[in-house]
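> fold the following and give me the result.
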Amino acid sequence: MIDIKFLRENPEIVKENIRKKFQDEKLPLVDEVIELDKQRRDIQAEADQIRANKNKISKEIGALMAAGKKEEAEEVKKQVAASAERLKELEAKFPEIEEKQNAIMMRIPNIIDASVPIGKNDTENVELERFGEPVVPDFEVPYHTDIMEKLGGIDLDSARDVAGNGFYYLLGDVARLHSAVLTYARDFMIDKGFTYVIPPYMIRSDVVSGVMSFDEMEDMMYKIEGEDLFLIGTSEHSMIGRFVGKMIDEDKLPLTLTSYSPCFRKEKGAHGKEERGVYRIHQFEKQEMIVICKPEESMDFFNKMWNYTVELFRTLDIPVRTLECCSGDLADLKVKSLDVEAWSPRQKKYFEVGSCSNLGDAQARRLKIRVKDADGNKYLAHTLNNTVVAPPRMLIAFLENNLNADGSVNIPEVLRPYMGGKEKIEVCSK
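Numbering: from 1, shown residues only. Just a heads-up that it's a prediction; the model follows:
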């Protein structure tokens with residue numbers, strides 16, 4: 001959410017930002033907010049004036065009574081009663097206008113960074129760099145669920161019977177590989193100086209509205225019936241929510257955290273062939289990284305964070321590339337975002353396996369996460385998040401890039417300690 005003072009003083013900048021995000025339907029919201037803000041400030045000024053006059057008038061009544069001017073005192077009392085009634089009226093209007101203003105403000109997109117390329121949607125994202133040499137083997141690479149089935153590692157039919165489409169059973173060495181990747185990612189981030197956290201997997205509605213846009217909430221979140229609780233779509237939601245309403249001493253920053261959680265997503269909309277299997281699902285697990293820092297540090301952390309994901313994937317022998325997300329592909333709270341995509345030898349193209357985002361002070365403003373420096377000055381923190389690794393989607397890239405012609409899968413050296421020393425996952429004999 002944008003600072004109301006900034007919007008009030010720079011409405012054309014806010015409107016131009018909306019145009020850059022190709023959300024012209026939101027342009028009238030800026031003028032609506034400005035008008036509501038004027039009403040709110042006028043009400044506040046009048047109410048303050050009434051309160052300021054209260055003591056003065058009380059003294060005036062006392063003086064009139066002492067002077068025996070009872071009739072005049074009674075007239076002043078009527079004025080006081082009228083002022084009190086007016087104050088009551090103003091106090092009733094204020095929260096209504098403020099609530100309406102805040103609701104509109106939450107629909108206005110955050111100001112994007114000047115470096116963000118302008119484009120309508122993800123087809124106009126900009127490739128930045130490739131890491132590792134993409135390889136297409138001289139044998140056919142099967143669809144990822146076919147690879148898993150030959151390894152005795154997946155049961156989609158039973159999961160469909162139990163929970164419906166978008167769920168899975170992972171079995172044997174594939175299930176072990178799934179856990180090994182997460183555990184390796186945890187240790188990888190701990191070695192980078194991040195503190196490991198296991199957060200709550202449900203959050204209240206006020207936290208949901210603080211960490212994401214309304215459109216995202218509708219498309220993603222599962223609501224717990226009869227409770228003010230939602231299942232998290234990513235641990236970032238719960239991790240940032242931990243600091244709601246908190247004042248953080250500046251000397252405690254930066255907070256660098258890495259969290260494990262299951263994630264639950266509606267994943268609305270039609271899915272193509274390549275999103276069958278375990279690519280786009282309702283339940284998965286993820287290792288995340290979250291940073292809360294001073295504003296001047298956030299872009300440095302943004303670059304460090306996506307580099308950590310690239311480094312991790314390269315240790316697993318998976319070629320990757322980075323894409324700068326264009327303006328139209330940015331969620332409304334984001335200042336800047338970069339996707340990490342892994343190479344698919346079967347598709348002969350890259351696909352998304354992680355996303356790094358700088359949200360500036362948008363989440364902190366909504367959740368009232370503030371920082372106090374040594375001199376007592378207070379300001380809003382900046383928040384960032386990034387996917388370390390999210391199997392089972394990441395397993396697609398892993399299996400395809402480490403597949404052998406006989407159907408077995410090589411285990412990179414860094415994962416072997418988490419796989420009982422195994423160097424390969426062999427095809428199931430049954």
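> just the C-alpha atoms of the helix-or-strand element of the chain with minimal mean pLDDT, please, in PDB.
Every helix and strand of the chain was ranked by mean pLDDT, DSSP states H and E. The lowest is helix 214-220, at a mean of 72. Extracted C-alpha coordinates of helix 214-220, given in PDB (Å, rounded to 0.1, in the frame of the first residue of the first chain):
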ATOM      1  CA  PHE A 214      -7.200  -9.200  -2.900                       C
ATOM      2  CA  ASP A 215      -7.000 -10.700  -6.300                       C
ATOM      3  CA  GLU A 216      -4.200 -13.000  -5.200                       C
ATOM      4  CA  MET A 217      -6.200 -14.000  -2.100                       C
ATOM      5  CA  GLU A 218      -9.300 -15.000  -4.100                       C
ATOM      6  CA  ASP A 219      -7.200 -17.000  -6.600                       C
ATOM      7  CA  MET A 220      -5.000 -18.700  -4.000                       C
END
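> what helices or strands is the host helix or strand of residue 39 leaning on?
For residue 39, the host element (DSSP states H and E) is helix 27-66. Under the contact criterion of 3 or more Cβ pairs under 8 Å, 6 or more residues apart in numbering; DSSP states H and E, helix 27-66 touches helix 4-9, helix 11-20, helix 70-105. Where C-beta positions appear, they are placed from N, C-alpha and C, glycine not excepted.
> residue 152 is nearest to which of those helices?
Of all the helices and strands packed on helix 27-66, helix 11-20 sits nearest to residue 152, with 50.4 Å by Cβ to Cβ.
> give the buried residues for that closest one.
Within helix 11-20, the residues that count as buried by 16 or more other Cβ atoms under 10 Å are 14-15, 17-18, 20.
> please enumerate the helices of the stretch 151-300 of the chain.
Remark: helices assigned in the stretch 151-300 of the chain by DSSP state H, counting those that start in this stretch are 156-163, 172-191, 205-211, 214-220, 235-241, 298-315.
> looking at these, which one has the lowest mean pLDDT?
Between those, the lowest average pLDDT goes to helix 214-220, which shows a mean of 72.
> rewinding a little: which of the helices of the stretch 151-300 of the chain sits most buried?
Among the helices of the stretch 151-300 of the chain, the stretch with the highest mean neighbour count (mean count of other Cβ atoms under 10 Å) is helix 235-241, at a mean of 26.
> identify the residues contacting stretch 415-430?
For stretch 415-430, contacts defined as Cβ atoms under 8 Å, 6 or more residues apart in numbering pick out 150-153, 172-174, 176-177, 179-181, 183-184, 316, 404, 406-411.
> any idea how far that stretch is from the chain center?
Chain-centre distance of stretch 415-430: 35 Å, with Cα atoms, centre = their mean, to the nearest Å.
> once you drop chain neighbours, what's closest to residue 281?
Closest residue to residue 281 apart from its sequence neighbours, by Cβ to Cβ, 6 or more residues apart in numbering: residue 166 at 4.8 Å.
> so the one you found touches residue 279, yeah?
No. Residue 166 lies out of contact with residue 279 (Cβ atoms under 8 Å); the separation is 10.4 Å.
> show me the shaky parts of the stretch 1-150 of the chain.
Low-confidence segments of the stretch 1-150 of the chain (pLDDT under 70): 55, 57-71, 73-81.
> how about residues contacting stretch 163-183?
Stretch 163-183 has contacts (Cβ under 8 Å, 6+ apart) with 148, 151-156, 158-160, 260, 267, 278, 280-283, 285, 287, 316, 389, 391-392, 394-395, 398, 411, 415, 418-420, 422, 425, 428.
> any of those buried? List them.
148, 151-156, 159, 260, 278, 280-283, 285, 287, 316, 389, 391-392, 394-395, 398, 411, 415, 418-419, 422, 425.
> the closest residue to residue 93 other than its chain neighbours: neighbour count?
Nearest residue to residue 93, sequence neighbours excluded (Cβ to Cβ, 6+ apart): residue 43, at 5.8 Å. Residue 43 has 18 neighbours, counted by other Cβ atoms under 10 Å.
> quick one: residues contacting residue 43.
By Cβ under 8 Å, 6+ apart, residue 43 lies in contact with 90, 93-94, 97.
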